[in-house]
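Asker: quick one: sequence and predicted model below, then my questions.
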Amino acid sequence: ARALALGGAYTALSDDASALYWNPAGLALLKRKELALTHVQLFEATRNDFIVYAHPFRNLALGLGGAQLYTGKIIKTDALNNPVGEFFDSYNTVLAGIGKEAVENQLYFGFAVKRVSRSMDTYSAAGYGLDAGLLADISGEKSPAGISLGLGVKNIVAPSLKREFLTDEFPLDISAGAALRLLERALVISVDVKKKKGPHSDLKLKLQ
């Protein structure tokens, strides 16, 4: 919820369990075990659910999570456009990742492997992918102000879901971010620049 409230400008701020999705390097910043659950009810019969658990150790943390984008009650018709029932369309993702400290209190890196599957009516397919990230705190842990930089790359290995007539392809998704914490770190200003290469490529700038 925090990352969504920031408009997704979270690459340099990831420091909780949801870092498994946004920037797996941030898992290494966890100080305690965390469980996070998110439910978003979208238009019509569409919903988005996310659950993740992260467990920190001495200088690394492990994360395990799952996500689902589900649309139900889609009307199914025959060749003459007569209703013959309903079906659903569902994307499901399972993620497992690790975040590790590379330089004490300064530099962190992480990886996440994922299995993405899609079920639509009688068709289904699955593929596997890999995400990675870096996160750096360049201000020092005891500083009243904080400056952090982040780099996240989704789909270094891109899932490819091949079905009978269609193939779902995922673009290389690169995010670079910076965050500034002021007023004893109570106020945060965050900016992300995102670039996609491949299917549906675009460039997005997000400032919060």
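Answerer: Nice, thanks for sending it over. Numbers count the residues shown, from 1 in each chain.
Asker: all contacts plus neighbour counts: C-alpha atoms, from now on.
Answerer: OK.
Asker: got any ranges where the chain has weak pLDDT?
Answerer: Low-confidence segments of the chain (pLDDT under 70): 140-144, 199-208.
Asker: can you find which strand in it contains the most residues?
Answerer: In the chain, with assignment by DSSP state E, the single longest strand is strand 83-103.
Asker: any chance you could map the helices in the protein?
Answerer: Remark: helices assigned in the chain by DSSP state H are 2-5, 19-22.
Asker: out of those helices, which is closest to A179?
Answerer: Each of these has some distance to A179 by CA to CA; the shortest is helix 2-5, at 12.9 Å.
Asker: show residues contacting stretch 112-131.
Answerer: The contact list for stretch 112-131, computed with CA atoms under 8 Å, 6 or more residues apart in numbering, reads 20-21, 24, 87-98, 111, 132, 152-164.
Asker: just the buried residues from the residues you listed, in PyMOL please.
Answerer: Entered in PyMOL, the line below selects the buried ones among these, by 16 or more other CA atoms under 10 Å:
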select buried, resi 20+21+24+88+89+90+91+92+93+94+95+96+97+98+111+132+152+153+154+155+157+158+159+160+161+162
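Asker: count the residues that sit near E44.
Answerer: 10 (other CA atoms under 10 Å).
Asker: same thing with the one 10 residues further on?
Answerer: Residue neighbour count, defined by other CA under 10 Å, stands at 26 for A54.
Asker: quick one: contacts for it?
Answerer: 17, 27, 33-35, 61-64.
Asker: out of those residues, give me the one that has the most neighbours.
Answerer: L27 (33 neighbours).
Asker: how about the nearest residue to that one once chain neighbours are set aside, what does it touch?
Answerer: Computed as CA to CA, 6 or more residues apart in numbering, the closest residue to L27 that is not its neighbour in sequence is G99, at 4.7 Å. Listed by CA under 8 Å, 6+ apart, the contact partners of G99 are 24-28, 60-62, 108-111.
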